[in-house]
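Engineer: Okay, sequence plus prediction incoming.
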Amino acid sequence: MKIVSLIERLCGIVAGIFLFVILGIVATGTLSRYLFNFPFHFVEEYSGYLMVGMGFLGATYALNHGAHVRVDAIVGRLPKRARAGLELVTTLVAIWVISILFWYGLKLCLMDFKGHVVSSTIMQTPLWLPESFVWIGWLTLLLSLLVHLINKFKEFTNKVCKD
């Protein structure tokens, strides 16, 4: 559990770093284009890749801090045990869906790595590099969901939770 917590924090830090790198390259690219009439061709492509990385790695951090979008209109009114039971079910569904997404993301990344697939831009970035953000993000989210499931199971079976 401590290793997953460390991974969650690391994902949050990396997502934050990506945000500042995006800010830096977009600002530098804008200044270069307008002040010196010299555009950097990598700005749009790499800021997009970093945005994807920020989103996928940030999802793990968001789950750990309860920052995912939730609709509590009905769920918030349920008794604690029923709410925990509903969260158990939705977490199991999320684990199933994320497992599938992780598997196909990893398959795509490995296929593009083996096939030496590159982007169709001037930079010709090997696509397995930005695709790695996707499957790593899904994997870390999956690990966090498993910990979340364990915690919700404990909450569900806890006698304090019973109505």
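Structural biologist: Right, received. Where do you want to start?
Engineer: all strands of this protein, in order?
Structural biologist: Assignment of strands within the chain using DSSP state E yields no ranges at all.
Engineer: L23 versus L31, what's the distance?
Structural biologist: 12 Å (Cβ to Cβ, to the nearest Å). All C-beta spots, glycine's among them, are computed from the backbone N, C-alpha and C.
Engineer: just for this structure, where's the confidence low?
Structural biologist: 67-71, 159-163 (pLDDT under 70).
Engineer: what's near enough to touch the spatially most central residue of the chain?
Structural biologist: Most central in the chain under Cα atoms, centre = their mean is F56, positioned 2.3 Å from the mean C-alpha point. Listed by Cβ atoms under 8 Å, 6 or more residues apart in numbering, the contact set of F56 reads 133-134, 136-138, 141.
Engineer: tell me the phi and psi of F38?
Structural biologist: Backbone geometry at F38, expressed as degrees, to the nearest 10, gives phi -130, psi 100.
Engineer: quick one: contacts for it?
Structural biologist: Taking Cβ under 8 Å, 6+ apart as the test, what F38 contacts is S32.
Engineer: what's the answer for T91, then?
Structural biologist: Per Cβ under 8 Å, 6+ apart, neighbours of T91: 145, 148-149, 152.
Engineer: Contacts for stretch 45-52, please.
Structural biologist: With Cβ under 8 Å, 6+ apart, stretch 45-52 has contacts from 18, 21-22, 25-26, 119, 121, 123, 125, 129-130, 133-134.
Engineer: Please save the CA atoms from that stretch in PDB.
Structural biologist: Extracted in PDB, the C-alpha atoms of stretch 45-52 (Å, rounded to 0.1, in the frame of the first residue of the first chain):
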ATOM      1  CA  GLU A  45       3.200  18.200 -31.100                       C
ATOM      2  CA  TYR A  46       5.100  17.900 -27.800                       C
ATOM      3  CA  SER A  47       2.700  20.000 -25.800                       C
ATOM      4  CA  GLY A  48      -0.100  17.700 -27.000                       C
ATOM      5  CA  TYR A  49       1.900  14.600 -25.900                       C
ATOM      6  CA  LEU A  50       2.600  16.200 -22.500                       C
ATOM      7  CA  MET A  51      -1.000  17.100 -22.100                       C
ATOM      8  CA  VAL A  52      -1.900  13.500 -22.600                       C
END
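Engineer: Cool, thanks, talk later.
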